[in-house]
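> Sequence and predicted structure are below.
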Amino acid sequence: MSTPQYQPQYQGYPQPTMQAKTNTLAIAALISSFFVSLLGIILGHIALNQIKTTGEGGRGLAIAALVIGYLSLALAVVIIIVVFASAAAYQG
């Protein structure tokens, strides 16, 4: 009797997975949120809506743009209030 030969089972190469295309508006929202916070907020909300309907990637970028945009807008409002309050206190 002969021993059975071991025949390796090759499964081949794994098929490459297609990455979801990153939403361009999400990228633009993130970049613009550093310079014009209101524009970053608007573009971020539009990008999130597009990502939800199309299934594209970039949800994290859009959320980051919203966070940065809202924080910088809130910081700008606080600075304006402090400046006007200190100017009013200096006048009176």
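Thanks, I have the structure now. Worth saying up front: this structure is predicted, and the values here are computed from it rather than measured.

> The residue most central in space within the chain - nearest residue in space that isn't next to it in sequence?
Nearest residue to the geometric centre of the chain (Cα atoms, centre = their mean): Leu61, 1.0 Å. Closest residue in space to Leu61, ignoring its immediate chain neighbours: Ala26 at 4.1 Å, by Cβ to Cβ, 6 or more residues apart in numbering. All C-beta spots, glycine's among them, are computed from the backbone N, C-alpha and C.

> Return the residues in contact with the one you found.
If a contact means Cβ atoms under 8 Å, 6 or more residues apart in numbering, then Ala26 has 43-44, 47-48, 51, 58-59, 61-62, 65 as its contacts.

> Can you pick out the most distant pair from those residues?
Using Cβ to Cβ, the contacts of Ala26 reach their maximum pairwise distance at Leu43 and Arg59, which is 13.8 Å.

> Show me which of the two is the more surrounded one.
Leu43 (24 against 16; other Cβ atoms under 10 Å).

> Check which helix or strand the nearest residue to Ala28 once chain neighbours are set aside maps to.
Nearest non-adjacent residue to Ala28, counting by Cβ to Cβ, 6+ apart: Leu43, 5.6 Å away. Assigned by DSSP states H and E, Leu43 belongs to helix 37-54.

> Next, the buried residues of the following helix or strand past that helix.
Scanning forward in sequence from helix 37-54, with DSSP H and E defining helices and strands, the next element found is helix 59-91. Buried residues in helix 59-91, counted by 16 or more other Cβ atoms under 10 Å: 59, 61-66, 68-70, 72-73.

> So for helix 59-91, mean pLDDT?
The predicted model gives helix 59-91 an average pLDDT of 95.

> Could you tell me the angle between that helix and helix 37-54?
160 degrees (axes from the mean of the first three to the mean of the last three Cα atoms, to 10 degrees).

> Noted, bye for now.
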